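Peer 1: sequence-free structure coming up:
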């Protein structure tokens, strides 16, 4: 172990994209950052990994508007253990895309994903298509 | 309980600012959203609540640059229980400010805060001064 570990200038371990996606799928909640309502906004979502993109469900609001506009967004997932002070984070920069194809949406319902607000109001699917995937782990 | 509960259009419970700060201080990790490197960026930090603002430690990089520029940032904290599907989130929009006063920084070291990267490299303090505090809880 550890022979190929690369560290960044802060001494954090740089994670490979495949490891990033594995970690993203290991956590139920991520956060999407976007420009909305005249400023930056970061909101939590429950998500799933579908291939090399991240998907979540949403209803009317800032997240759906970002997807309708194919806006640039950032998706972040992290985990931190306050006892050991160990942790990791993954940051995905990309484009939010509204899933308009009913067949594609139907397939996504097969994923293990319970929407943040509940099953009721969040009927639309949004896909975050990555352009840049970056992950860091606190070395232990 | 519940007589003064206000719901938003998605049926989420709207949290009062005092409750938001209580929740923010109950979690060790939040995320700061900013514009950096030609795009949006969301990064995790371990934080503390100091009065009516949020503080964290950092080293050279995007977060410190945002503070040096007094940039608009957003600070987000959430908690989600995948078994009960209950959760809450708090979003603070405001300004990042570099704590340049050594006395003020000295006092902040008295807070219970262990930096994400470790005690070594994150010597500078940043304060997020809120302009807008918003919190939501999934009704149970």
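Peer 2: Yes, it's here. All figures in this text were calculated on a predicted structure; none of them were measured in a lab.

Peer 1: use CA for all of it now, contacts and neighbours both
Peer 2: Noted.

Peer 1: what's the single longest helix in chain A?
Peer 2: In chain A, with assignment by DSSP state H, the single longest helix is helix A:17-26.

Peer 1: what comes up buried for it?
Peer 2: By 16 or more other Cα atoms under 10 Å in any protein chain shown, the buried positions in helix A:17-26 come out as A:17, A:20-21, A:23-25.

Peer 1: show me where pLDDT drops low in chain A?
Peer 2: A:1-3, A:118-121 (pLDDT under 70).

Peer 1: rerun at 90
Peer 2: Counting by pLDDT under 90, the ranges of chain A that qualify are A:1-5, A:8-11, A:37-38, A:59-60, A:82-83, A:85, A:112, A:114-123, A:139-140.

Peer 1: those helices in it, which residues are they?
Peer 2: A:17-26, A:62-68, A:102-108.

Peer 1: close to chain B, is the longest one?
Peer 2: No. On the criterion Cα under 8 Å from any Cα of the partner chain, helix A:17-26 is out of touch with chain B, staying 12.1 Å away.

Peer 1: quick revisit: contacts for the longest helix of chain A, please.
Peer 2: Here helix A:17-26 makes contact (Cα atoms under 8 Å, 6 or more residues apart in numbering or on different chains) with A:30, A:47-49, A:52, A:77-78, A:90, A:133-135.

Peer 1: who's in contact with stretch A:67-84?
Peer 2: A:24, A:27, A:29-35, A:66, A:86-98, A:126-128, B:28-29, B:39-44.

Peer 1: and these, which are buried?
Peer 2: Neighbour counting by 16+ other Cα under 10 Å classes A:24, A:29-35, A:66, A:86-98, A:126-128, B:28-29, B:40-44 among those as buried.

Peer 1: got the residues of chain A near chain B?
Peer 2: Chain A comes close to chain B at residues A:10, A:12, A:28-29, A:33-34, A:39-44, A:72-76, A:78, A:80, A:82, A:85, A:87, A:89, A:91, A:93, A:114, A:116-118, A:121, A:138, as judged by Cα under 8 Å from any Cα.

Peer 1: with adjacent residues omitted, what lies nearest to residue A:115?
Peer 2: residue A:46 (5.7 Å; Cα to Cα, 6 or more residues apart in numbering or on different chains).

Peer 1: I'd like the distance between the one you found and residue A:58.
Peer 2: To residue A:58, residue A:46 is 10 Å away according to Cα to Cα, to the nearest Å.

Peer 1: quickly list what's touching both of the two.
Peer 2: Shared contacts of residue A:46 and residue A:58, counting by Cα under 8 Å, 6+ apart, come down to residue A:115.

Peer 1: residues contacting the residue nearest to residue A:29 when sequence neighbours are not counted?
Peer 2: In this structure, residue A:29 finds its nearest non-sequential neighbour in residue A:46, 4.4 Å apart by Cα to Cα, 6+ apart. For residue A:46, the contact set (Cα under 8 Å, 6+ apart) comprises A:28-30, A:56-57, A:113-116.

Peer 1: before we move on, what about residue A:134?
Peer 2: Residues in contact with residue A:134 (Cα under 8 Å, 6+ apart) are A:14-17, A:20, A:90-92.
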